[in-house]
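# Need a 3D model of the following:
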Amino acid sequence: MDYGYSVAGFFVGAIVGLTGVGGGSLMTPLLVLLFGINPAVAVGTDLLYAALTKAGGSLIHGRNNTVVWRIVTLLGAGSVPAAALTLWWLSIHSGSTYGGKSLISGTLGIALLLTACALLFRARLQAWAERPGISAFRERHLSSLTIATGVVLGVLVTISSVGAGALGSAALIFLYPRLSAVRIVGSDIAHAVPLTLVAGLGHWWLGNVDWTLLLALLIGSLPGIALGSHAAARIPERVLRPMLATMLIFVGGKLSLNLLG
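Next comes the predicted model:
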């Protein structure tokens, strides 16, 4: 086992504990850019890593009644079928450029840039969602918009492993601006579990999961999450989120060039 993976897991776990986001947004780029892991293997391994780590968080939120299960059901109605169809498409095109490294790396880069925007403009997004015209349209089509959001997340997460956290939360803030922050987080985590599990198992079926790598990441991330969670109260969020967003913009821009090159 390469203990560098555990160190990376500890680093990412600490960021997740501090900010609540950053799992797929940081783990997959680290594996691809720092360790030279094949993008498909990095995505597949990270998806199962996310499913295992978020399952515990989902149980806690469920016990605390901070999960809105109707929202989770609507998101899952879109994301799980979308993940299955995306996996089927990847299996057909796995030998081509469109199913290979360039698509996965490029999609990962775009997802990181979107995640950075979600982190930076979360408050503005919430304020925009409360405008009268937008609010009326949203209320009329809320169920359909939630399912459509699930479809988009299902495709993005399956290809890049990014989106279930910050993008999911940002979408819920727009769709349900009056929902408390803890219920948004709880619902987002609960939805991420079946989505990442289905997508991760699908990548395993495609041969894109490294179990030794997965174990090494878990060994490092669990204490990292615990340490980051304890330190979160001491570091202002207004400092952490711009730092994380800046990092994601830099890494996302680098990876997005794969679609152009």
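# residue ranges with poor pLDDT in the stretch 1-150 of the chain?
Along the stretch 1-150 of the chain, the parts satisfying pLDDT under 70 run over 1, 17-22, 94-102.
# mind redoing it with 80?
Filtered on pLDDT under 80, the stretch 1-150 of the chain yields the residue ranges 1-2, 15-26, 56-57, 60-61, 93-112, 114-135.
# Please apply the same query to the stretch 151-261 of the chain.
Scanning the stretch 151-261 of the chain with the threshold set as pLDDT under 80 gives 162-167, 169-170, 181-182, 185, 225-226, 228-261.
# Quick one: the helices in it, in order.
166-175, 181-205, 211-231, 237-260 (DSSP state H, counting those that start in this stretch).
# Serialize these to CSV and add fields for mean neighbour count and distance to residue 72.
C-beta here means a position set from N, CA and C on the backbone, and glycine is covered the same way. As requested, the helices of the stretch 151-261 of the chain are arranged in CSV below (neighbours: other CB atoms under 10 Å; distance: least, CB to CB, whole Å):
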stretch, mean neighbour count, distance to residue 72
helix 166-175, 23, 10
helix 181-205, 22, 5
helix 211-231, 18, 22
helix 237-260, 16, 25
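# how about those in TSV, adding distance to residue 135?
Below are those laid out as TSV (distance: least, CB to CB, whole Å):
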stretch	distance to residue 135
helix 166-175	11
helix 181-205	17
helix 211-231	34
helix 237-260	26
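# could you list every residue that touches residue 5?
For residue 5, the contact set (CB atoms under 8 Å, 6 or more residues apart in numbering) comprises 31, 35, 213, 216-217, 220.
# what about 6 Å?
By CB atoms under 6 Å, 6 or more residues apart in numbering, the contact set of residue 5 is 213, 216-217.
# quick one: which of those residues is nearest residue 46?
Of all the contacts of residue 5, residue 217 has the smallest distance to residue 46: 8.0 Å, by CB to CB.
# I figured that closest one hits residue 8, correct?
No - using CB atoms under 6 Å, residue 217 is not in contact with residue 8; the gap is 7.2 Å.
# Quick check: which element contains residue 40?
Secondary structure assignment for residue 40, by DSSP states H and E: helix 39-63.
# Can you show me the helices along the stretch 1-150 of the chain?
Using DSSP H, counting those that start in this stretch, the helices assigned to the stretch 1-150 of the chain run over residues 3-19, 23-29, 39-63, 69-93, 101-120, 122-129, 132-140, 142-160.
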